[in-house]
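Visitor: What follows is a predicted protein model with its sequence.
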Amino acid sequence: MMTLREAITDAIRKKVAVGHFNISNLEGFWAVFRAAQKLGVPVIIGASEGERDFIGVKQVAALVKSVREEFNYPVYLNADHTYSFEKVKEAIDAGFDAVIYDGAKLSLEENTAATKKCVEYARQCGRDVLVEAELGFIGQSSKILDAVPEGVGLSGDALTKPEVAAKFVKETGIDLFAPSVGNFHGMVKDSGAVKKIDDVRVSEIFKATEVPLVLHGGSGTSDEEFLAAIKSGIAIVHINTELRVAYRKGLTLSLQEMPDEIAPYKYLKGALLAMQKVVEEKLKLFNNL
Ligand SMILES: [Zn+2]
């Protein structure tokens, strides 16, 4: 089976992107895995600090490992947005394939030093663990927002500068880089089209850094914007908010349809299938299927 590093290299060669989907429970896990398996494409399961607290750090690692072995399938696990070295270490020790150290709120110097420490730890762990970091502000939470958050989006002054990114990547030795190119976490209410990606900036950053780029805050981005970004050097796309919305809607509908049902595996099925549908649609788009 190919490693995550190989899966990403392969995606860049094919000018497609690997989908990254966040989960916090078993339904989410199966939704993502089954969608990928159905389409025969590699996939990354993401779990942020909050999501990991809920599902369990070692438990989610064991889950991914068991499915990877049983199906011999390229499914990988990423510790999404991690704000301390201790939590990065915890995820690496648990067996995660990749970690994101998020020092975007720190000064460039502090972010560089802390990221470097995470890379050093990953390099000596005995496995090939990829480390990702980011520069420029892309918002923080995967929720439904009333308006574009202050300081993000194309009008924000937090857009990543290619030359600063290149220096940061070189100094830290990271494997993957998450730029701010108009993307932001969360989704603006009733308006799917507000996210515009600066694909020229994406290709400039890709050229300058020479590492695969990761697009965070993908939810609510149009298909055209995604395709242009992938063509310009985005190798991984993160989707979270849209899955959360699908889960909740699927669950609400199930509970309405079967008001007397008390077996979780029956009424949770609607939530799982609603998530799976979103993952399938995104994977088709990202993989040009
Ligand atoms: Zn993110």
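Guide: Received the coordinates, thanks.

Visitor: what about the strands in the protein?
Guide: Taking DSSP state E, the strands of the chain run over residues 18-22, 43-47, 75-82, 98-101, 130-134, 144-145, 176-178, 187-188, 213-215, 234-239.

Visitor: Please name every helix or strand in contact with the first one.
Guide: If contacts are counted by 3 or more Cβ pairs under 8 Å, 6 or more residues apart in numbering; DSSP states H and E, strand 18-22 sits against helix 4-14, helix 26-39, strand 43-47, strand 75-82, strand 234-239, helix 269-286. Backbone N, C-alpha and C define where each C-beta goes, glycine included.

Visitor: now those in JSON lines, with distance to Asp198?
Guide: Listed next are the helices and strands packed on strand 18-22 as JSON lines, based on distance: least, Cβ to Cβ, whole Å:
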{"stretch": "helix 4-14", "distance to Asp198": "19"}
{"stretch": "helix 26-39", "distance to Asp198": "28"}
{"stretch": "strand 43-47", "distance to Asp198": "24"}
{"stretch": "strand 75-82", "distance to Asp198": "22"}
{"stretch": "strand 234-239", "distance to Asp198": "12"}
{"stretch": "helix 269-286", "distance to Asp198": "19"}
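
Visitor: Relative to Leu63, which of the ones you listed is closest?
Guide: helix 26-39 (6.0 Å; Cβ to Cβ).

Visitor: circling back: next, format the strands of the chain as JSON lines and append mean neighbour count.
Guide: Formatted as JSON lines, the strands of the chain follow (neighbours: other Cβ atoms under 10 Å):
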{"stretch": "strand 18-22", "mean neighbour count": "26"}
{"stretch": "strand 43-47", "mean neighbour count": "26"}
{"stretch": "strand 75-82", "mean neighbour count": "26"}
{"stretch": "strand 98-101", "mean neighbour count": "28"}
{"stretch": "strand 130-134", "mean neighbour count": "25"}
{"stretch": "strand 144-145", "mean neighbour count": "17"}
{"stretch": "strand 176-178", "mean neighbour count": "25"}
{"stretch": "strand 187-188", "mean neighbour count": "22"}
{"stretch": "strand 213-215", "mean neighbour count": "27"}
{"stretch": "strand 234-239", "mean neighbour count": "27"}
